[in-house]
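Enquirer: Whatever this is, show me its structure:
(chains A and B)
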Amino acid sequence: MAEISFRQALNDTLREELKRDDNVFLMGEEIGVFEGSYKITAGLLKEFGARRVVDTPIAENGFIGMAVGSAMLGLRPVVEIMTFNFIALAMDEILNHAAKIHYMFGGQTPVPLVIRTPGGGGQQLSATHSQNLEVWFAHIPGLHVVAPSNPADAKGMLKTAIRNNNPVIFIEHLGLYNTRGSVPDGDYLVPFGKAKIAKEGTDLTIISYSRMAAMALDVARRLEQENKWSVEVVDLRSLRPLDKETIVNSVKKTGRAIVFEEDWRSYGIGAEIAATVQEEAFDYLDAPVKRVANVEVPLPYSKPLESAALTGAKQLLDAINELAPRRRR
Amino acid sequence: MSTEQQKRPDGRDATTTDKPRVVTLPEDENRETLVNYYHQMLLVRRFEEKSDEMYKMARIGGYCHLNLGEEATVVGFCAGLEPKDYLYTNYREHGYALGRGIAPNAVMAELFGKETGCSFGRGGSMHMFSLEHRLLGGYGIVGGQVPLAVGAAFAVAYRGTDEVVAVQMGDGATNGGPFYESLNLARIYKLPVIFFVVNNQYGMGLPVEKGSAVSELYRKGCAFDVRGERVDGNDVLAVRDAVRRAAKVAREEHEPYIVEAVSFRHRGHSVIDPDRYRDEELVRQGRSLDPVPAFARHLLEAHIIDDQGLRAIDEQVEQVVSEAVRFAEESPFPAVETLFDHIYASDEHLQESK
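Expert: Okay, the predicted model is just below:
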């Protein structure tokens, strides 16, 4: 167990997987000479050479398509999309090719592809550089979509993603790269489709993922220390497949649920989870499921406007205050 | 600059299909090979005519795009590649599936949506696949297959083996971004890939010169320093030889190469297109260059085959196509219980991790 940053966990894992399997290679914009826009691939070009760490031109459609084609012949590409926003340029290759090829051709060739990309707002990057588009991908059968919230899960899920035989959208977060946590040594794998109870509680359940899950955990711990409410935090980790069982069991226990997400509220992850809860735990609910999400605007540049648009700990606390039982269980 | 070969090495002009040319079959060609090309072309012709018929009898659903008129292009292209080479195509690919050696039964069964189809009935007309025959898919999104082929060529180069990846597309695909990104990527990484552009002169209803600022499509490689040439798509040997030249460049020099085959679609864009947008005279003219009877005539004139030989091939092809229909008719549909099979590949690799 070492205490390292989210960034370091990703960097170590990429190194370990490159060492493990010659079929694994990295590609993306500025990942080699520049060592990554966010330095996730620092040192890897030097260590593994240009055959394994491939700098690409700015052509997302082309190089994501290339990655899919190379995966069809058995390579295991791990592609970095510099920020989540730029993935829009490669949608056809992801939606119509990566996600379809195994099914549409009757299971004749898998597509073992990982696309790593950071989302997240709050850095005054404005409308085209601050989006969280996980719902687009979580909607598509044939893809796996994961979004770890801490360094240990980042390591375990990236290993699983690289060894998985399917296309995986691996969502990182700009606001998580510098966060630290203890990470198990060695070959540590976290399975897809298993949510984690990040903290147990009895009064209400917060369901979240990625940076919002980390924030929810902080809030829940604070409330516990202040002896206010006992909040259970379910960290989804994996959005497709979705661990409905863990969500439903938690809500059955607490009777109350808040979904805390950083994407836009309409048609979001929260909508899917609220529907799941009412389908499978309706009789256990003591209150309607609440969604805490970003305000539905293109994110503005100006700081006060940006702050007003983003969700965060304050919005979560307000929701908890509103939803929590008047009397502790 | 790199657009050298507008003429074939034998001096024949390959840049226009306007008028029938006097074609002499090269002396050194193997006679059996020539007859086999004719056989293949006729198979594509009859298979596609039968597909049209089966579509109209509602045995085939969805969209159905035929290679009618493109037989010399299809057969010449497949003949220019080696069995170890990989092929990606667009959605007008029944002929290419046959040309790669997939059994006509499996191709027809795919059109019928049967479990015995080459994509197990999951893909249909636009999405044929056979790993065994190294046909890595027909693709329904125009241009979407091109980056995939560049990626397959990347995998070949990564492993240091000597296969070539060829990607077929129509003239319309050369107007989209994926084509240009692919040319650039193939060139900077020095990948063994052939861009095979079937210029049948119409992207659905849009004439090439209205959709493309440059109507000699092989010249689009200039901006990327990718060599290319144009051939007469009605000349099976010209197409084959151009593809062989391209394959040599790709295999030995690890450089991409464009081959543009100027061809003609005898019918509408798809089975259900009544083809009202093309001038009647143009269609008459295009069909008059029909490569299948033309090649039969050349074979007869060169005494490579006689009428009896042609009839024998005709009968054999008729029989194969009828058998394909019978096979497709009698094959089972996929069981509904298998609806969810293959959405995801298995996790076996997790267990066998090194």
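
Enquirer: and the helix or strand hosting B:Val198, what does it pack onto?
Expert: Applying DSSP states H and E as the criterion places B:Val198 in strand B:193-199. Applying 3 or more Cβ pairs under 8 Å, 6 or more residues apart in numbering or on different chains; DSSP states H and E, one finds that strand B:193-199 contacts helix B:145-159, strand B:165-170, helix B:177-188, helix B:236-248, strand B:257-262. C-beta here means a position set from N, CA and C on the backbone, and glycine is covered the same way.

Enquirer: and the ones you listed as CSV, adding distance to chain A?
Expert: Listed next are the helices and strands packed on strand B:193-199 as CSV, based on distance: least, Cβ to the nearest Cβ, whole Å:
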stretch, distance to chain A
helix B:145-159, 2
strand B:165-170, 8
helix B:177-188, 3
helix B:236-248, 18
strand B:257-262, 16
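
Enquirer: how about these in TSV, adding mean neighbour count and mean pLDDT?
Expert: Listed next are those as TSV, based on neighbours: other Cβ atoms under 10 Å in any protein chain shown; pLDDT from 0 to 100:
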stretch	mean neighbour count	mean pLDDT
helix B:145-159	28	98
strand B:165-170	29	98
helix B:177-188	23	98
helix B:236-248	23	98
strand B:257-262	28	98
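
Enquirer: Now do the strand holding B:Val198 against strand B:165-170, angle only.
Expert: Inter-element angle recorded for strand B:193-199 and strand B:165-170: 20 degrees (by axes from the mean of the first three to the mean of the last three Cα atoms, to 10 degrees).

Enquirer: got a list of what A:Asn85 touches?
Expert: Counting by Cβ atoms under 8 Å, 6 or more residues apart in numbering or on different chains, A:Asn85 touches A:Thr128, A:His129, A:Ser130, A:Gln131, A:Leu133.

Enquirer: Closest to B:Met126 out of these?
Expert: B:Met126 has its nearest neighbour among the contacts of A:Asn85 in A:Leu133, at 28.0 Å by Cβ to Cβ.

Enquirer: what are the phi and psi angles of the residue nearest to A:Val33 when sequence neighbours are not counted?
Expert: Setting aside the residues directly before and after it, A:Val33 is nearest to A:Asp55 in space (Cβ to Cβ, 6 or more residues apart in numbering or on different chains), at 6.1 Å. The phi/psi pair for A:Asp55 (degrees, to the nearest 10) reads phi -70, psi 130.

Enquirer: residues contacting A:Asp55?
Expert: The neighbourhood of A:Asp55, defined by Cβ under 8 Å, 6+ apart, consists of A:Met27, A:Gly28, A:Glu29, A:Glu30, A:Ile31, A:Gly32, A:Val33, A:Phe34, A:Leu45.

Enquirer: Tell me which entries of those lie within helices.
Expert: When those are checked against helices (DSSP state H), the matches are A:Leu45.

Enquirer: Pull out the buried residues from the contacts of A:Asp55.
Expert: The neighbour count (16 or more other Cβ atoms under 10 Å in any protein chain shown) marks A:Met27, A:Gly28, A:Glu29, A:Glu30, A:Ile31, A:Gly32, A:Leu45 as buried among those.

Enquirer: which residues sit against stretch B:329-340?
Expert: Identification of contacts with stretch B:329-340 by Cβ under 8 Å, 6+ apart yields B:Arg59, B:Ala109, B:Phe112, B:Gly113, B:Lys114, B:Glu115, B:Thr116, B:Gly117, B:Phe120, B:Gly121, B:Arg122.

Enquirer: Keep only those of the residues you listed that are also close to chain A.
Expert: Restricting those to those within reach of chain A (Cβ under 8 Å from any Cβ of the partner chain) leaves B:Gly117, B:Phe120, B:Gly121, B:Arg122.

Enquirer: Highest neighbour count among the residues you listed?
Expert: Among those, B:Gly117 has the most neighbours (other Cβ atoms under 10 Å in any protein chain shown), with 26 neighbours.

Enquirer: residues near the residue nearest to A:Gly119 when sequence neighbours are not counted, how many?
Expert: Nearest residue to A:Gly119, sequence neighbours excluded (Cβ to Cβ, 6+ apart): A:Phe84, at 3.9 Å. If you count neighbours by other Cβ under 10 Å, A:Phe84 ends up with 25.

Enquirer: so A:Phe84 makes contact with A:Arg116?
Expert: No: counting by Cβ atoms under 8 Å, A:Phe84 does not reach A:Arg116; the two are 10.2 Å apart.

Enquirer: I'd like to know how far B:Leu87 sits from B:Val142.
Expert: Distance of B:Leu87 to B:Val142, computed by Cβ to Cβ, to the nearest Å: 17 Å.

Enquirer: before we move on, what SS does A:Leu305 have?
Expert: A:Leu305 falls in the helix class when you classify it by DSSP: H, G, I helix; E, B strand; the rest coil.

Enquirer: Tell me, how many residues neighbour it?
Expert: Counted with other Cβ under 10 Å, the neighbours of A:Leu305 add up to 14.

Enquirer: what does B:Phe327 give?
Expert: When neighbours are counted by other Cβ under 10 Å, B:Phe327 registers 18.

Enquirer: wouldn't it be in contact with B:Thr116 here?
Expert: Yes: the criterion here is Cβ under 8 Å, and B:Phe327 meets it with B:Thr116 at 7.1 Å.

Enquirer: Please enumerate the shared neighbours of those two.
Expert: Each of B:Asn105, B:Ala109 lies in contact with both B:Phe327 and B:Thr116 under the rule Cβ under 8 Å, 6+ apart.

Enquirer: related to what we said a few turns ago, between the ones next to chain A among the contacts of stretch B:329-340, which is closest to chain A?
Expert: Closest approach to chain A among those (Cβ to the nearest Cβ): B:Phe120, at 3.1 Å.

Enquirer: and that closest one, what does it touch?
Expert: When contacts are taken as Cβ under 8 Å, 6+ apart, B:Phe120 is in contact with A:Phe105, A:Gly106, A:Gly107, B:Pro334.

Enquirer: Pretty sure the second one sits in a helix.
Expert: What it means is A:Gly106. No: counting by three-state DSSP, one finds A:Gly106 to be coil, located in no helix.
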